[in-house]
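Asker: Just to be clear, the model below is a prediction. Sequence and coordinates:
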Amino acid sequence: VVCIHSVRDALRRAHTATPQLVSKVFMSFLSRTASTAMRGIFAETAAFLVTTLTELHADCKRLQESSSSGLDDVLEQIAKTEQGLLKHIFGALLDCQPLLSLLGPER
């Protein structure tokens, strides 16, 4: 976000000469930058979800096959995983907030 503000500040002189063009180009740049960054954040989160669910499946299978663990152990593992997933997902949403604020309230 800080680098975007630097670009905006650098364009101030050009904006005085051609305000409509610079505004249009800058908003297009902001939109593409924010969109690309958010796609990256969500792709990373999606990969994390797949990996975590795969690990959960293996853990549950192992727990079910174990003679020393029962349904409570499986449910506990599911609850721990669910908590971690929610934390990661909300983290991704929080990471997107500064990007969305760059685009303004209409986005």
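Answerer: Nice, thanks for sending it over.

Asker: could you say what helices and strands the longest helix along the chain packs with?
Answerer: In the chain, taking DSSP state H as the definition, the longest helix is helix 19-65. With contacts taken as 3 or more C-beta pairs under 8 Å, 6 or more residues apart in numbering; DSSP states H and E, helix 19-65 sits against helix 2-10, helix 12-17, helix 71-103. (Each C-beta comes from the backbone N, C-alpha and C, glycine too.)

Asker: how big is the angle separating it from helix 71-103?
Answerer: 180 degrees (axes from the mean of the first three to the mean of the last three C-alpha atoms, to 10 degrees).

Asker: what inclination does helix 19-65 have with respect to helix 2-10?
Answerer: Using the same axes, to 10 degrees: helix 19-65 against helix 2-10 is 180 degrees.

Asker: and helix 19-65, how far from the chain's centre?
Answerer: Distance of helix 19-65 from the chain centroid (C-alpha atoms, centre = their mean, to the nearest Å) equals 5 Å.

Asker: ok so, going back, tell me which of the helices and strands packed on helix 19-65 sits most buried.
Answerer: Ranked by mean neighbour count, the helices and strands packed on helix 19-65 are led by helix 71-103 with a mean of 13 (mean count of other C-beta atoms under 10 Å).

Asker: Can you tell me the closest non-neighbouring residue to Phe42?
Answerer: Nearest non-adjacent residue to Phe42, counting by C-beta to C-beta, 6 or more residues apart in numbering: Ala92, 6.4 Å away.

Asker: Next, the contact list for the one you found, please.
Answerer: Ala92 sits next to Ile41, Phe42, Glu44, Thr45 when contact means C-beta atoms under 8 Å, 6 or more residues apart in numbering.
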